[in-house]
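A.B. asks: Here you go, sequence then predicted model.
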Amino acid sequence: MTAVGIDAVEIWTGNLKLDLPGVFAPEKGEDPEKYTKGLGLNASSFPDSYEDIVTMGANAAHRLMERKGLEPDDVGRIDVATESAFDNSKPVSTYIAGCLESVFEGDFHHANKGERKFACIAGTQSLDDAYNWIRAGRNRGRGALVIATDTALYARDDPGEATQGAGAVALYITEDPDLVTLSTEQGYGSADETDFLKPNQQFPSVDGKRSVQVYLARMREALVDYQSVAGEIHLDDVRFVPFHTPFPGMVRKAAMLAYRHIIRDTAVEDELADEIGRQPRPEAFETDEEFREALREYMDGLKETDRYQEWYAETIDPTLTIAREVGNWYTGSVHVARISALKHALEQGEDLSGQKLAVGSYGSGAQAEIHSEVVQDAWKDEIGALNVDEQLEERYELSWDDYEEIHDVHNHNMDVDVESLTTPEGEFVFGGWGRMGEREYEYVE
Ligand code: CAA
């Protein structure tokens, strides 16, 4: 069976940066440690006035195509995953294809284009669509471009304002990929939930606390479902677990849940029993409340064990390094977590070839998906070619006044026109409005 997976990745961060403990927390009258320790965030990326989901997605894809020496004729499919779309009919992928056609020879007329929507999990669903398209033999030797791009902004003073972000990830999906192959096995946890939605509105309506619980419930279901097709997961078999990361504190909770689930009825649970007892089982309690209380106590103990802390430091923490500096990129977020882990391994001089990743994607509304990936021999070249650190370093630091202004610029209900805070160079920019209300773009050398 031909291996299919991710051949190359690129990211594009919004060009602005909001310092959360330094600028945001003091204005909100909050303790900076809510951000650094609680949510696990140092900063959010923001789009400048000339940036949006099209420019960021096109810039990521442009870099990827240039680096891989790809021409439009090599790409048979362009899918954009986003929950920040500005048009209910014309997909963002057509705008991005238009941008790319302005800088490459040839066109994408032969390419199937679409837009995927299911909150943050749409990025992984587009990856799955590309995988299925190639495995079905419909790709005629071409690869698929998957672009996850979002401006994850919340209404001013919404609690979600603490977890904003903006950026894009481009992924190129092929046969015999250079970076990772994807498993055929997938696990799903999916239910009709009302935790985070945008009913014909730009900024989300969010029940934040509930959204955290729904994330955990659906992820747990996906884990059970994945194990039912792929067999039991063993801790030693999985090198990294990149999760959807709305903020690192969310992943701290998801990792604990996954660990507890995986070690149940294993030698690890037995070995930890002397220290923290065995995991509570529901049948041993008269009420659900008593069971949940016992579970909370067990988790508090588990969290403090050396064994758990070492696993977390090795397997989870490296996936969060970039998220801490950029915030939530919605559809791109789990793909940022994968890059973060592989970049960490490269910097540590670790050889990951043949090692496994378990990838936990999530979208509100709600659905979780777990699949596994195997790292390929050329992974170092792929990850080594990224310029993540430079991009993050070059962002313009927003003052509070800048932040208020730039948030208004991106509010579709406001008509604000201000000078950009940075000067675009070698990138696509928003150039104005066309005669039918369409957005127009240009490439700035
Ligand atoms: N020192 C250390 N920790 C502190 C602290 C301090 N001084 N102050 C607060 N904290 C901790 C809190 O204890 C809490 O941690 P725990 O949950 O582990 O207890 C954490 O910091 C956050 O504090 P609050 O709960 O008080 O923060 P909040 O009221 O501002 O709400 C939020 C946080 C619910 C995540 C909110 O920001 C929000 O609604 N975000 C958007 C929704 C979201 O991201 N949901 C995630 C799941 S849904 C999803 O994943 C899809 C998606 O991308 C949106």
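C.D. replies: Looks like it arrived, so ask away. Numbering: from 1, shown residues only.

A.B. asks: Beta-bridge partners for the nearest residue to Val326 once chain neighbours are set aside, please?
C.D. replies: Using Cβ to Cβ, 6 or more residues apart in numbering and skipping residues adjacent in sequence, the residue nearest Val326 is Ser45, 4.3 Å away. All C-beta atoms are positioned from the backbone trio N, CA, C, and that covers glycine. Note on Ser45: beta-bridge partners by DSSP bridges are Lys17.

A.B. asks: how many neighbours does Ser45 have?
C.D. replies: As a burial measure, Ser45 scores 28 neighbours (other Cβ atoms under 10 Å).

A.B. asks: The strand or helix carrying Tyr441 - what's its average pLDDT?
C.D. replies: If you go by DSSP states H and E, Tyr441 is part of strand 439-444. For strand 439-444, mean pLDDT is 98.

A.B. asks: So what's the gap between it and the chain middle?
C.D. replies: 26 Å (Cα atoms, centre = their mean, to the nearest Å).

A.B. asks: Tell me where the model's unsure across the stretch 201-350 of the chain.
C.D. replies: Along the stretch 201-350 of the chain, no part satisfies pLDDT under 70.

A.B. asks: Sketch out the strands for it, chain order is fine.
C.D. replies: 205-206, 238-240 (DSSP state E, counting those that start in this stretch).

A.B. asks: want to try JSON lines for these, with mean neighbour count and distance to Ala81 as columns?
C.D. replies: Shown next, in JSON lines, are the strands of the stretch 201-350 of the chain (neighbours: other Cβ atoms under 10 Å; distance: least, Cβ to Cβ, whole Å):
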{"stretch": "strand 205-206", "mean neighbour count": "17", "distance to Ala81": "20"}
{"stretch": "strand 238-240", "mean neighbour count": "20", "distance to Ala81": "22"}
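
A.B. asks: Relative to the ligand, which of these is closest?
C.D. replies: Distance to the ligand, taken as Cβ to the nearest ligand atom, is lowest for strand 205-206 among the strands of the stretch 201-350 of the chain, at 4.9 Å.

A.B. asks: is that closest one up against the ligand anywhere?
C.D. replies: Yes. Under the criterion of Cβ under 6 Å from any ligand atom, the ligand is reached by strand 205-206 at Val206.

A.B. asks: Offset the numbering so it begins at 305, please.
C.D. replies: Okay, residue one is now 305; in that scheme the one you just asked about reads as strand 509-510.

A.B. asks: hang on, the earlier thing: these two touch, right, the residue nearest to Val630 and Glu698?
C.D. replies: No. Ser349 is not in contact with Glu698 according to Cβ atoms under 8 Å; the separation is 11.4 Å.

A.B. asks: where exactly do the helices run in the stretch 505-654 of the chain?
C.D. replies: 512-534, 552-567, 571-580, 592-608, 610-615, 625-630, 637-651 (DSSP state H, counting those that start in this stretch).

A.B. asks: With mean neighbour count as extra columns, can I get those in a markdown table?
C.D. replies: Listed next are the helices of the stretch 505-654 of the chain as a markdown table, based on neighbours: other Cβ atoms under 10 Å:
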| stretch | mean neighbour count |
| --- | --- |
| helix 512-534 | 18 |
| helix 552-567 | 20 |
| helix 571-580 | 14 |
| helix 592-608 | 14 |
| helix 610-615 | 15 |
| helix 625-630 | 24 |
| helix 637-651 | 24 |
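
A.B. asks: got the contact list for stretch 693-713?
C.D. replies: Outside stretch 693-713, the residues that touch it by Cβ atoms under 8 Å, 6 or more residues apart in numbering are 315-323, 327-328, 331, 349-353, 457, 460, 626, 629-630, 718, 720-722, 725-726.

A.B. asks: what does the stretch 405-554 of the chain put close to the ligand?
C.D. replies: 424, 463-464, 466-467, 500, 510, 512-513, 515-516, 519, 548, 550, 553-554.

A.B. asks: how about a cut-off of 5 Å?
C.D. replies: With Cβ under 5 Å from any ligand atom as the criterion, the stretch 405-554 of the chain meets the ligand at residues 424, 463-464, 466-467, 510, 512, 515-516, 519, 550.

A.B. asks: what sits against the residue of the stretch 605-749 of the chain at minimum distance from the ligand?
C.D. replies: Of all residues in the stretch 605-749 of the chain, Ser668 sits closest to the ligand, at 4.4 Å by Cβ to the nearest ligand atom. For Ser668, the contact set (Cβ under 8 Å, 6+ apart) comprises 423-424, 497, 499-501, 515, 518-519.

A.B. asks: pLDDT value on it, please?
C.D. replies: For Ser668, the model assigns a pLDDT of 98.

A.B. asks: From Gly464, how far out is it?
C.D. replies: As defined by Cβ to Cβ, to the nearest Å, Ser668 lies at a distance of 11 Å from Gly464.

A.B. asks: For Leu725, the count of nearby residues, please.
C.D. replies: By other Cβ under 10 Å, the residues close to Leu725 number 20.

A.B. asks: scratch that, Glu742 is what I was asking about
C.D. replies: Quick note: Glu742 (other Cβ under 10 Å) scores 14 neighbours.

A.B. asks: one step back: now do the phi/psi pair for the residue of the stretch 605-749 of the chain closest to the ligand.
C.D. replies: phi -60, psi 160 (degrees, to the nearest 10).

A.B. asks: Spatially nearest residue to it (excluding sequence neighbours)?
C.D. replies: Counting by Cβ to Cβ, 6+ apart, the residue nearest Ser668 is Phe500, at 3.5 Å.

A.B. asks: ok, now which ones touch that neighbour?
C.D. replies: For Phe500, the contact set (Cβ under 8 Å, 6+ apart) comprises 423, 508-511, 515, 668-669.

A.B. asks: And the furthest pair within the residues you listed?
C.D. replies: Within those, Ala423 and Asp511 form the most distant pair, 13.7 Å apart (Cβ to Cβ).

A.B. asks: who has more neighbours, the two?
C.D. replies: Between Ala423 and Asp511, Ala423 has the larger neighbour count (other Cβ under 10 Å), namely 24 against 16.

A.B. asks: so the closest residue to the more buried one other than its chain neighbours bridges to which residues?
C.D. replies: Here the nearest residue to Ala423 in space, its sequence neighbours aside, is Gly667; by Cβ to Cβ, 6+ apart that works out to 3.4 Å. With DSSP bridges as the criterion, Gly667 is bridged to Gln671.
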